[in-house]
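**Q** here is my input, please return the structure:
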Amino acid sequence: MSLEHELSALSVPWPATPDVAATIADRLGAAPAARSRNRRPWLRPALASLVALAIAAAAVPPVRAAIERLIGVAGGERIERVEHVPQGTRLDLGAAVTLAQARRRAGFAVATPARLGAPDGVRLGGDLNGRAVSLLYGRDTVLTEIPHASAMLAAKQIGPQVRLRFVDVSGVHGIWIARGPRALVFSGTGSTRTVRRSALPGAGVLLWDRDGIAFRLETRRPFADALAIARSMPTGP
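**A** From the prediction side, this is the model:
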C-alpha cells in the first residue's frame, strides 16, 4: 500500500494549519540539522497534512522516501519502509520486577490500561532504555512505557507490504503498524548498529506519545482491541 493511501485512511480531526506549500521544497532540501532547528510548534499536530502536501509535489522516488522518513513517533523512534527488513535477535525487555519496583526505579508514574488491569508480569530496562517499563499480559500483549528524557533514537524498519494506519488515541495521534516483517534498528557510534526483532513475534504494534511518555503496545489481538486498550489508558495527571 502506498503512503498516499495510508494517509488517506487518516480519520482524525486536524487543527487549522498555516500555509506550508510554499516552504515544503526548502524543508525537504534542508540538511537534517537545519530541519531540526527550524521545527515549528504546529508541525507535530499537522504532520499528516504536511506530508500529504509534500507527496502531491513529489515527482521522484527519492523525494518520496525522504518524506516517509519524516514520520516519527514514540520518543525518537521513527518509521522507515525498506525493501528488505534486517534480521536480528529478539528484543530484550529487561529484568523481572514488581510494578511497585518498576515505578520506583524508573522514576515516573507507570500507568496500566483499565481494559486489562494489573499486568501478569513487569520488566524494567533492556534494549529500549534503562528506564523503560514493559507490562506483560498473557502471551499476546506487551505495553512498554518510556519517558522521553530517556527515549532511544532508533528506526523501526518495516517491509513494503506492512500496513500502516494513523489513529486517534484519546486526542493524541498514533500509528498502528500491522503484523508483518519489521525490525528495530539502533544506531551506534560510527557505522555500527544493533538490530532487534519484535519481543512478541506475530504481533502488530501501536505507537503514541502522551505527557512526556512514549508508549509501544505490541499485541497479537485485532487492531480494534489494541485501540480500545490504548484508549483505556488514564489521560489525566
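
**Q** where does this structure have low pLDDT?
**A** Within the chain, the stretches with pLDDT under 70 are 1-77, 149-153, 188-190, 236-237.

**Q** and the strands in it?
**A** Along the chain, counting by DSSP state E, strands occupy 72-73, 77-81, 89-90, 95-97, 121-124, 133-137, 141-147, 154-158, 164-169, 172-177, 182-187, 193-197, 204-210, 213-219.

**Q** of those, which is nearest residue 113?
**A** Residue 113 lies closest to strand 141-147 among those, at 6.7 Å (CB to CB). Where C-beta positions appear, they are placed from N, C-alpha and C, glycine not excepted.

**Q** can you give the strand pairings for that closest one, parallel or anti for each?
**A** Paired with strand 141-147 in the same sheet, following DSSP bridges, are strand 133-137 (antiparallel), strand 213-219 (antiparallel).

**Q** for the ones you listed, give me JSON lines that also has mean neighbour count and distance to residue 124.
**A** Output for those, formatted as JSON lines (neighbours: other CB atoms under 10 Å; distance: least, CB to CB, whole Å):
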{"stretch": "strand 133-137", "mean neighbour count": "24", "distance to residue 124": "6"}
{"stretch": "strand 213-219", "mean neighbour count": "23", "distance to residue 124": "15"}
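
**Q** can you lay out these as TSV showing distance to residue 227?
**A** Below are these laid out as TSV (distance: least, CB to CB, whole Å):
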stretch	distance to residue 227
strand 133-137	15
strand 213-219	9
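
**Q** how about the strands of the chain in JSON lines, adding distance to residue 107?
**A** Below are the strands of the chain laid out as JSON lines (distance: least, CB to CB, whole Å):
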{"stretch": "strand 72-73", "distance to residue 107": "22"}
{"stretch": "strand 77-81", "distance to residue 107": "20"}
{"stretch": "strand 89-90", "distance to residue 107": "27"}
{"stretch": "strand 95-97", "distance to residue 107": "13"}
{"stretch": "strand 121-124", "distance to residue 107": "11"}
{"stretch": "strand 133-137", "distance to residue 107": "10"}
{"stretch": "strand 141-147", "distance to residue 107": "7"}
{"stretch": "strand 154-158", "distance to residue 107": "21"}
{"stretch": "strand 164-169", "distance to residue 107": "24"}
{"stretch": "strand 172-177", "distance to residue 107": "22"}
{"stretch": "strand 182-187", "distance to residue 107": "22"}
{"stretch": "strand 193-197", "distance to residue 107": "24"}
{"stretch": "strand 204-210", "distance to residue 107": "17"}
{"stretch": "strand 213-219", "distance to residue 107": "12"}
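
**Q** now residue 184, nearest residue through space, not along the chain?
**A** The shortest distance from residue 184 to any non-neighbouring residue, by CB to CB, 6 or more residues apart in numbering, is to residue 196 (4.7 Å).

**Q** how about the helices in the protein?
**A** For the chain, the helices defined by DSSP state H occupy 3-8, 24-29, 32-37, 47-57, 61-68, 99-106, 223-231.

**Q** what packs against the last one?
**A** The reference is to helix 223-231. Packing partners of helix 223-231 (3 or more CB pairs under 8 Å, 6 or more residues apart in numbering; DSSP states H and E): strand 164-169, strand 172-177, strand 204-210, strand 213-219.

**Q** the inter-axis angle of that helix versus strand 141-147?
**A** 40 degrees (axes from the mean of the first three to the mean of the last three CA atoms, to 10 degrees).

**Q** now helix 223-231 and strand 164-169, what's the angle there?
**A** Going by the same axes, to 10 degrees, helix 223-231 makes 40 degrees with strand 164-169.

**Q** let me know how buried residue 212 is, in neighbour terms.
**A** Per other CB atoms under 10 Å, the neighbour tally for residue 212 reads 12.
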